[in-house]
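Asker: need coordinates for the below:
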Amino acid sequence: MKNKVRVQLCLMMFLEFFIWGAWFVTLGTFLGNNLKATDGEIALAFSTQSWGAIIAPFVIGIIADRYFNAERILGILHLLGAVLMYFMYESTEFSGFYILVLGYMILYMPTLALVNSVSFNQMKNPAKEFSMVRVFGTLGWITAGLSISYVFYWDHGTNIDQGLLKNTFLMTAIASLILGVFSFMLPKTPPRAAKSEKFNIKEILGLDSLRLFKDRNFSIFFISSVLICIPLAFYYQNANPFLVEMGMENPTGKMTIGQGSEILFMLLLPYFFTKFGFKKTILVAMAAWVVRYVLFAFGDAEGLGVSLLLGIALHGICYDFFFVSGQIYTDSKAGEKFKSSAQGLITLATYGVGMLIGFWIAGKISTAYLLNDGKHVWETIWLYPAGFALVVFVLFAIFFKTEKIDYRS
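Answerer: Below you'll find the model as predicted:
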């Protein structure tokens, strides 16, 4: 791969995840403080990610794979997204905002697959080259969080009260506009399927891989993947509002510790996976979810807030050791014919169905433990996902039988 192309792909990935991290992390805080949204309404807003994940395969399977270059669709989606982001910046009530965020996530979620397609199309050996490009996405997310907390100070108490947190949407609109224009300069990635090729709804939704459920271990893993997304939804939806309510300074910037740990544990994963095997790796991830939420339940922001920072830092283990290991496991079980459809099925089940359920439950529980003064009983709220993750841990430990997985770095 030429250096010019590598730079283009790295910048594309940086902007792609800068855009997501620039508004999604602080969404709950913005909605509660700026639009006076209820916990149930906040859950509805976050669940748009799941609806986007459910609809995304149709966008990729019907349009990108058959009719237009991936980089052009990427550009159009981000240009449209920039417009919606600007209107979200101007929003003053939740009802109008919800329509906008739903439309935006339907546009944005397909771009996650499109940036991968553009990248893979330029690589001779994706297994070795992709990680060095993808890491710039994590750096983009980190840069967005640090900018909000340490450059613009939008998540400081007084600035939140003044409504400055809405500027995250304006910043995202500008970044989305830049990526939209830049996408048309990316290397060409033509459609993979012929226009005349028969439309296959089963392949688009990953239903071709349903035969994998004949394997008892895969069925248990699949169910566990859906269930573990319920406590994951609690983190995405509640972490930033929780830290703000606890009085932590620069919460958005400090949450980037989680993305920093992602990079570290991504590097450690191949060793851990080959040394201890798939089952133990997954169990460590599930245990980390339990520990994280216990730390949140009983920690405080006084002094350095070490317990809360440790909970944030566990994100790398929670995410990498479960989801990346799960992708490797799914790839090994699917075989050559069903690799793509199996990965699509897992994505649809986790980011789609699993997190949709999780956001709904998180909203219900947060509402149940909301006090009259607008504060939450966070100790009790965090014990719910901790307990749920513990149940999934026990069930997986009992019913999933140890097996050797072929891992190739």
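Asker: what sits closest to Leu100 if chain neighbours are left out?
Answerer: Among residues not flanking Leu100 along the chain, Met88 sits closest, at 4.9 Å (Cβ to Cβ, 6 or more residues apart in numbering). (Glycine included, C-beta is placed from N, CA and C.)
Asker: revised request: answer the last question for Trp20.
Answerer: Leaving out its chain neighbours, the residue that sits closest to Trp20 by Cβ to Cβ, 6+ apart is Trp141, at 6.7 Å.
Asker: show me the contacts for that neighbour.
Answerer: 17-18, 20-21, 256, 259 (Cβ atoms under 8 Å, 6 or more residues apart in numbering).
Asker: those: which two are farthest apart?
Answerer: Greatest spacing in those, by Cβ to Cβ: Trp20 and Thr256 (12.9 Å).
Asker: neighbour count winner among those two?
Answerer: Thr256 (27 against 21; other Cβ atoms under 10 Å).
Asker: please tell me how far the more buried one sits from Phe68.
Answerer: Going from Thr256 to Phe68 by Cβ to Cβ, to the nearest Å gives 35 Å.
Asker: elements contacting whichever helix or strand Val5 is part of?
Answerer: According to DSSP states H and E, Val5 maps onto helix 3-24. With contacts taken as 3 or more Cβ pairs under 8 Å, 6 or more residues apart in numbering; DSSP states H and E, helix 3-24 sits against helix 70-90, helix 94-121, helix 126-146, helix 167-183.
Asker: low-confidence stretches in this structure?
Answerer: For the chain, applying pLDDT under 70 flags the ranges 59-66, 127, 192-209, 301, 303-304, 335-344, 405-409.
Asker: most centrally placed residue in it?
Answerer: Nearest residue to the geometric centre of the chain (Cα atoms, centre = their mean): Tyr351, 7.7 Å.
Asker: packing partners of the longest helix anywhere in the chain?
Answerer: Ordering each helix of the chain by length in residues (DSSP state H) puts helix 251-298 first. Helices and strands touching helix 251-298, by 3+ Cβ pairs under 8 Å, 6+ apart, are helix 126-146, helix 216-245, helix 306-313, helix 315-319, helix 325-347, helix 378-399.
Asker: give the next helix or strand downstream of the fifth one.
Answerer: Using DSSP H and E, the next helix or strand after helix 325-347 towards the C-terminus is helix 355-368.
Asker: what helices or strands is that following helix leaning on?
Answerer: Secondary-structure packing of helix 355-368 (3+ Cβ pairs under 8 Å, 6+ apart): helix 39-58, helix 216-245, helix 378-399.
Asker: count the neighbours of Glu93 for me.
Answerer: Residues near Glu93, counting by other Cβ under 10 Å: 10.
Asker: not counting sequence-adjacent ones, nearest residue to it?
Answerer: Of all residues not flanking Glu93 in the chain, Leu35 sits nearest, at 6.4 Å (Cβ to Cβ, 6+ apart).
Asker: likewise for Leu264?
Answerer: Gly316 (5.8 Å).
Asker: okay, the one you found and Ile263: tell me how far apart.
Answerer: Note on Gly316: its distance to Ile263, by Cβ to Cβ, is 7 Å.
Asker: between those two, which is the more surrounded one?
Answerer: It is Gly316, of Gly316 and Ile263, that has more neighbours when counted by other Cβ under 10 Å, with 25 against 15.
Asker: contact partners for the more buried one?
Answerer: Neighbour list for Gly316: 258, 260-266 [criterion: Cβ under 8 Å, 6+ apart].
Asker: from what I can see the residue nearest to Glu93 touches Ser95, true?
Answerer: No - using Cβ atoms under 8 Å, Leu35 is not in contact with Ser95, being 9.6 Å away.
Asker: those two: which has the busier surroundings?
Answerer: Leu35 (20 against 10).
Asker: mind checking the SS state of that one?
Answerer: coil (DSSP: H, G, I helix; E, B strand; the rest coil).
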